[in-house]
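A.B. asks: Predicted model and sequence follow; I will ask about them next.
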Amino acid sequence: MDYIIDAIFDFTVVKFFAIFFALINIISFSLYAIDKKRASKGQWRIKEGTLILFTVFFGGIGGFLGMSVLRHKTTKPSFKLAAAIGLIVALAAIAYIAYGIFIL
């Protein structure tokens, strides 16, 4: 059983999750930026479901920053809820990776 725990927190595994986590948050923020730019130009937009999906599943920090910094989708209750859930999921993932505990 100890070898499983050791494998989970092996440096390469942690490194993989850290890189994945950073990339998914960059993608999430970028989606908000692209959607904001397209909205201002009256062009085709990114589906709201796509933005919410990236915000809730590990892209909570990027989604939250995208909403806050870009002032995009800040009046919609569904996006406020998605940002809150996304931040909780993101912080739980960080805690799990960094400390080896799962907080929920």
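C.D. replies: Cool, the structure landed.

A.B. asks: out of everything not next to it in sequence, what's closest to Gly86?
C.D. replies: Nearest non-adjacent residue to Gly86, counting by Cβ to Cβ, 6 or more residues apart in numbering: Gly60, 2.5 Å away. Just so you know, the C-beta spots here come from the backbone N, C-alpha and C atoms, and that holds for glycine as well.

A.B. asks: Next, the buried residues of the top helix by length along the chain.
C.D. replies: Counting residues, the longest helix found in the chain (DSSP state H) is helix 11-41. By neighbour count with 16 or more other Cβ atoms under 10 Å, helix 11-41 contains the buried residues 17, 21, 24-25, 28-29, 31-32, 35-36.

A.B. asks: hang on, isn't Val89 packed against Gly63?
C.D. replies: No: counting by Cβ atoms under 8 Å, Val89 does not reach Gly63; the two are 10.5 Å apart.

A.B. asks: any shared contact partners between the two?
C.D. replies: Counting by Cβ atoms under 8 Å, 6 or more residues apart in numbering, the contacts common to Val89 and Gly63 are Val56.
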